[in-house]
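S.K.: I would like the atomic coordinates for the input below:
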Amino acid sequence: MKPYDTDQTKKEEIREMFDRIAPKYDLLNHTLSWNIDRLWRRRVMREVRRSRPRRILDVATGTGDLAIAMARRIRGVQVLGIDLAEQMLEVARRKIARHGLEDRIVLDRGDAERLDLGNGAVDVATVAFGVRNFEHLEAGLCELARVVRPGGKVVILEFSRPRNALVRKLYEWYSGRILPRIGGMVSHDRRAYEYLPASVAEFPAPERFLEMLARAGFHNCRARSQSFGIAQIYIGER
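M.R.: The predicted structure is shown next:
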């Protein structure tokens, strides 16, 4: 699905959407998630740190929260963050400069489905809340597998639909009614915050997504449920 349902491709609409909401993205992201997204990113960072990577690719890096966390907490690591949306990258650059991490993090515009990297170029690839925005999901996963070296891994954080009926009902009420109203009022783009719950509902269930990771070239694929299944951390090894 696409955010605006115009004649543009999904990729073009996603870039336009994030360029548009970039100035308020962090405020809304942390506020609307009650800051629990910070906890999930810390858990991703810890999973990545176990591999003792030297080179990390952070796809759909957005405003750089995960890239910054990894650069701060993983000794000697170099992070390449790529994103379609230049305005999101501009926010990330300012945050990176505030943390004094310009020598540890490099940002560039890039397409997850056509990564400008050689085979096996990185030790770990990460994606936080970005894979459901890929225009062609399987092509993007295959690219991640291509650029991760043998012995490396991918770590993906993404929303999912809770399995518990009560939790799912509460989550869908909040994400379907409250989130678009507040997000639209603050960002002046309600469609962007209607797209979020709709894209989560459309995203493959954890079991199916793990199968997709395996088909892309990863093994020992597993999922770790976060906060009653509101999100999942997916891990695959090369």
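S.K.: can you point me to the longest helix in this protein?
M.R.: Longest helix of the chain, by residue count under DSSP state H: helix 10-32.
S.K.: I'd like to know the average pLDDT value across the helix or strand just after that one.
M.R.: Reading on from helix 10-32 to the C-terminus, the next helix or strand found by DSSP states H and E is helix 36-49. Averaging pLDDT along helix 36-49 yields 97.
S.K.: what's next to the longest helix of the chain, contact-wise?
M.R.: Residues from elsewhere that reach helix 10-32 (CB atoms under 8 Å, 6 or more residues apart in numbering): 1-4, 6, 8, 37-38, 62-63, 65, 83-88, 90-91, 111, 133, 135, 179, 182-183, 186-187, 189, 191-193, 195. Every C-beta, even on glycine, is put in place using the N, C-alpha and C of the backbone.
S.K.: got a list of what residue 189 touches?
M.R.: 17, 20, 21, 183.
S.K.: How about residue 149, nearest residue that isn't a chain neighbour?
M.R.: Distances taken as CB to CB, 6 or more residues apart in numbering put residue 120 closest to residue 149, at 3.8 Å, once the chain neighbours are dropped.
S.K.: Also residue 111?
M.R.: Leaving aside its chain neighbours, residue 111 sits nearest to residue 84 (6.7 Å; criterion: CB to CB, 6+ apart).
S.K.: List the contacts of that neighbour.
M.R.: 11, 14, 15, 18, 60, 109, 110, 111.
S.K.: and the residue lying closest to the fifth one once chain neighbours are set aside, how many neighbours?
M.R.: Taking CB to CB, 6+ apart, and ignoring the residues beside it in sequence, residue 60 has residue 130 as its nearest neighbour in space, at 2.6 Å. Residue 130 has 22 neighbouring residues, counting by other CB atoms under 10 Å.
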